[in-house]
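Asker: pasting the sequence and the predicted coordinates here, then a few questions.
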Amino acid sequence: MPTTVCRACGGASSPLRWACPCCVLATGERLDAIREHAVAVCAAGPVDGPARPGRVDAVRGDGLPVRVDDAALGDGDPAVVVLSVLDVLHRIARYVRRHRGEPAAFRCTITSEVAYLKANAEWCAHQLWGHDFVEAVHDLHSRTAERAGTLVR
């Protein structure tokens with residue numbers, strides 16, 4: 001059976017996939033971790049210190065909307081951090097819903113968006129922008145892990 005290269009990690013993948021099974025599995029694990037990072041931020045409560053300025057506006061591939069607000073993730077108010085994480089997850093999920101022809105979710109939580117994205121990760125891997133989906137989740141995971149890690153240390 002012919003193989004192709006995963007556009008997310010460079011490993012071997014099957015034809016008609018833009019992200020390999022290992023990347024899809026890792027994406028599901030990262031989504032779970034993002035939810036846990038948000039819980040850790042909430043449990044830690046408010047923190048003192050200046051927010052990290054700057055906003056990163058990025059559009060990946062054919063338009064996967066990812067906007068991570070660095071200032072919000074560095075904010076001392078956990079509500080601002082959690083809402084920023086929810087905003088990014090919702091934008092990614094809304095993009096997936098639009099491509100699947102599904103209606104938008106108007107009442108969403110981090111848990112509901114994580115569950116939706118995990119349930120659709122395999123489908124996303126077969127889309128031309130599947131690697132962008134994997135990279136967007138990886139980026140959000142890295143940023144939330146950094147934010148949650150600064151509270152745990």
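Answerer: Nice, thanks for sending it over.

Asker: let me see the contact set for the most centrally placed residue in the chain.
Answerer: Residue closest to the average C-alpha location in the chain (CA atoms, centre = their mean): residue 137, at 2.9 Å. Applying CB atoms under 8 Å, 6 or more residues apart in numbering, one finds that residue 137 lies in contact with 27, 30-31, 34, 92, 117. To be clear about C-beta, it is placed using only N, CA and C from the backbone, and glycine gets the same treatment.

Asker: identify the farthest-apart pair in those.
Answerer: Pairwise distances across the contacts of residue 137 peak at 12.0 Å for 30 and 92 (criterion: CB to CB).

Asker: ok, which stretches of the protein are helices?
Answerer: Assigned by DSSP state H, the chain shows helices spanning 21-44, 70-73, 78-100, 110-125, 130-152.

Asker: just the pLDDT at the residue nearest to the centre of the chain, thanks.
Answerer: At residue 137 the predicted local distance difference test score is 95.

Asker: repeat for the one 4 residues further on
Answerer: As predicted, residue 141 sits at a pLDDT of 94.

Asker: ok, now residue 54?
Answerer: Model confidence at residue 54, given as pLDDT, is 35.

Asker: same deal with residue 78?
Answerer: Confidence score, pLDDT, at residue 78: 85.

Asker: please name the residues that touch residue 100.
Answerer: 120, 123.

Asker: where does pLDDT dip in the protein?
Answerer: Of all residues in the chain, those with pLDDT under 70 make up the ranges 1-3, 48-63, 65-70, 150-153.

Asker: look up how far residue 81 lies from residue 41.
Answerer: Counting by CB to CB, to the nearest Å, the gap from residue 41 to residue 81 is 5 Å.
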